[in-house]
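# next comes the sequence, and after it the predicted model I'd like to discuss.
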Amino acid sequence: MLGQDELVKYWEIIADRLHAEGWSYGIAEHLTKRGLLFCVDVHRNGKRLSVKADDLLTAFLSLERDAIAPKGANGNATRHNIA
């Protein structure tokens, strides 16, 4: 199981990737009845994506997939399995 330090490290790596691709991001934390809820949004060239998740890593993984996933010849995102 990953500790809190490893989780922070992984979402920061993804944040750096998004920034390298020209995306700016913001993070908001909301206290709910069930605990913390993270709202993360990225924007670039008039395009904006937002995600709500129980942890930052999940939010940033989703944004990474949607914002900087490699595009195929038909313009659709392609999936790559990483072993």
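Good, I have the coordinates.

# residue ranges with poor pLDDT in the chain?
Applying pLDDT under 70 to the chain flags residues 1-8, 70-83.

# change it to 90
For the chain, residues meeting the criterion pLDDT under 90 lie at 1-10, 68-83.

# which ones are touching the residue positioned nearest the centre of it?
Centroid check for the chain by C-alpha atoms, centre = their mean gives residue 60 as the closest residue, at 1.9 Å. Contact partners of residue 60, counting by C-beta atoms under 8 Å, 6 or more residues apart in numbering, are 10, 11, 14, 15, 18, 40. Heads up, the C-betas are built off the backbone N, CA and C, glycines and all.

# try it again at 7 Å.
When the contact criterion is C-beta atoms under 7 Å, 6 or more residues apart in numbering, the partners of residue 60 are 11, 14, 15, 40.

# what residues sit buried inside the longest helix belonging to the chain?
Longest helix in the chain by number of residues (criterion: DSSP state H): helix 4-20. Residues of helix 4-20 classed as buried by neighbour count (16 or more other C-beta atoms under 10 Å): 11, 14, 15, 18.

# list the buried ones in whichever helix or strand comes after that helix?
The helix or strand immediately downstream of helix 4-20 is strand 24-32, counting by DSSP states H and E. Residues of strand 24-32 classed as buried under the neighbour-count rule (16+ other C-beta under 10 Å) are residue 25.

# can you give the strand pairings for strand 24-32, parallel or anti for each?
strand 35-44 (antiparallel) (DSSP bridges).

# residues touching the partner strand, excluding its own?
For strand 35-44, the external contacting residues (C-beta under 7 Å, 6+ apart) are 18, 22-30, 48-56, 59-60, 63, 67.

# mind doing that once more with 10 Å?
11, 15, 18-19, 21-31, 48-60, 62-64, 66-68 (C-beta atoms under 10 Å, 6 or more residues apart in numbering).

# stretch 17-28 too?
Stretch 17-28 is contacted from outside by 11, 14-15, 37-45, 47-50, 52, 56, 59-60, 63-64, 67-68, using C-beta under 10 Å, 6+ apart.
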